[in-house]
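Colleague: Please work out how this folds:
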Amino acid sequence: QLQFVESGGGVVQTGESLRLSCTSRGFNLARYAVGWFRQTPGKAREWVSCISRGGESTIYADSVKGRFSIIKDDAAYTTSLEMSNLKPEDTGTYYCAADVRLVPGGVCIHPREEWGRGLPVTVSS
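Modeller: All right, here's what the predicted structure looks like:
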């Protein structure tokens, strides 16, 4: 399994920013495309943002475009999600994943379905 050490998350107010990070455990992050997914209350898990193995391609869900930024630092074995202008609807549990697929048409999937415990994010209004 491709597992991570997760860090970040917490409680913020509307409009504030937050950074989530995942550091790979025992595997070379440079070999994989990575992504961030989230599960918000009452909804199925959805993709948020993904970045290609070499970092040349990034995609974002429409709901976060312009507010979130994905980072892949292979030297540090880390991927991060910078979130700004947070909204209450961003509240949920966020997951990082490796070996994701950036599908033509601008969608990201995670065929391995390997998930960590996730990082809780609460945005209060």
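Colleague: rest of the way, CA atoms for contacts and neighbours
Modeller: OK.
Colleague: thought R38 was touching Y95?
Modeller: Yes - counting by Cα atoms under 8 Å, R38 touches Y95, with 5.9 Å between them.
Colleague: what residues does stretch 32-50 touch?
Modeller: 51-55, 58-61, 64, 69-70, 72, 79, 81, 89-102, 107-109 (Cα atoms under 8 Å, 6 or more residues apart in numbering).
Colleague: Which positions within that stretch qualify as buried?
Modeller: For stretch 32-50, burial by neighbour count (16 or more other Cα atoms under 10 Å) applies to 32-40, 46-50.
Colleague: Could you find the lowest-pLDDT member of those residues?
Modeller: Lowest pLDDT within the buried residues of stretch 32-50 is found at T40 (92).
Colleague: show me where this protein has strands.
Modeller: Applying DSSP state E to the chain gives strands spanning 3-8, 10-13, 18-25, 34-39, 46-51, 58-60, 68-73, 78-83, 92-98, 101-103, 107-109, 119-124.
Colleague: Distance from the chain centre to stretch 24-34, please.
Modeller: From the chain centre to the centre of stretch 24-34 is a distance of 14 Å (Cα atoms, centre = their mean, to the nearest Å).
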